[in-house]
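# okay, structure incoming, though there's no sequence with it:
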């Protein structure tokens with residue numbers, strides 16, 4: 001077997017196998033490009049190494065563009081979209097201020113966690129409704 005055919009087959013295999021170790025679907029598409037170059041080199045003997053590399057680079061860009069356009073972000077819709085978004089799960093709930101809101105900033109306790117809150121100035125003990133989340137700060141209004 002010719003060394004260039006073997007090299008492209010090995011590179012395609014290595015890139016596709018590396019995808020299992022480093023997930024993200026990027027190396028997979030480079031592996032597809034290497035596999036395509038393997039087929040071209042197998043069918044067209046005598047091609048220069050520079051031409052092979054140029055074909056690989058072009059096919060890599062094309063395959064990654066195809067991935068980004070048609071396959072990226074097309075995963076299954078989750079049945080629990082707020083699972084790891086604790087703050088967003090609290091939107092709509094009510095709480096009692098444990099510290100007054102002064103100059104737009106205060107504190108509340110929900111369960112065993114204390115949260116920073118922003119909103120209109122209100123005294124401690126006021127019931128508030130959580131209307132939005134900004135990072136780890138809850139935005140509230142009087143309930």
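In hand now; what should we look at? Keep in mind that what you see is a predicted model, and the values were worked out from it rather than measured.
# how about the helices in this protein?
Listed from the start of the chain, the chain has helices (DSSP state H) covering 3-21, 27-43, 49-66, 86-89.
# beta partners for the closest residue to residue 114 other than its chain neighbours?
Leaving aside its sequence neighbours, residue 114 sits nearest to residue 107 (CB to CB, 6 or more residues apart in numbering; 5.7 Å). Just so you know, the C-beta spots here come from the backbone N, C-alpha and C atoms, and that holds for glycine as well. Residue 107 forms beta bridges with residue 99, residue 116, as assigned by DSSP bridges.
# would you turn the helices of the chain into TSV with mean pLDDT and distance to residue 117?
Output for the helices of the chain, formatted as TSV (pLDDT from 0 to 100; distance: least, CB to CB, whole Å):
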stretch	mean pLDDT	distance to residue 117
helix 3-21	90	43
helix 27-43	93	44
helix 49-66	93	44
helix 86-89	81	11
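# may I see those helices organised as JSON lines, with mean neighbour count added?
Converted to JSON lines, the helices of the chain look like this (neighbours: other CB atoms under 10 Å):
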{"stretch": "helix 3-21", "mean neighbour count": "15"}
{"stretch": "helix 27-43", "mean neighbour count": "20"}
{"stretch": "helix 49-66", "mean neighbour count": "14"}
{"stretch": "helix 86-89", "mean neighbour count": "14"}
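# pipe those into JSON lines and attach distance to residue 77 per row.
What follows is the helices of the chain, written out as JSON lines (distance: least, CB to CB, whole Å):
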{"stretch": "helix 3-21", "distance to residue 77": "24"}
{"stretch": "helix 27-43", "distance to residue 77": "23"}
{"stretch": "helix 49-66", "distance to residue 77": "23"}
{"stretch": "helix 86-89", "distance to residue 77": "16"}
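# I'd like the average pLDDT over stretch 106-122.
When the per-residue pLDDT values of stretch 106-122 are averaged, the result is 92.
# which residue is the nearest non-sequential neighbour of residue 4?
Counting by CB to CB, 6+ apart, residue 4 lies nearest to residue 41, which is 5.3 Å off, once chain neighbours are set aside.
# that neighbour against residue 8, yeah?
Yes - taking contact to mean CB atoms under 8 Å, the distance of 5.5 Å between residue 41 and residue 8 places them in contact.
# mutual contacts of those two, please.
Taking CB atoms under 8 Å, 6 or more residues apart in numbering as the contact rule, residue 41 and residue 8 both touch residue 52.
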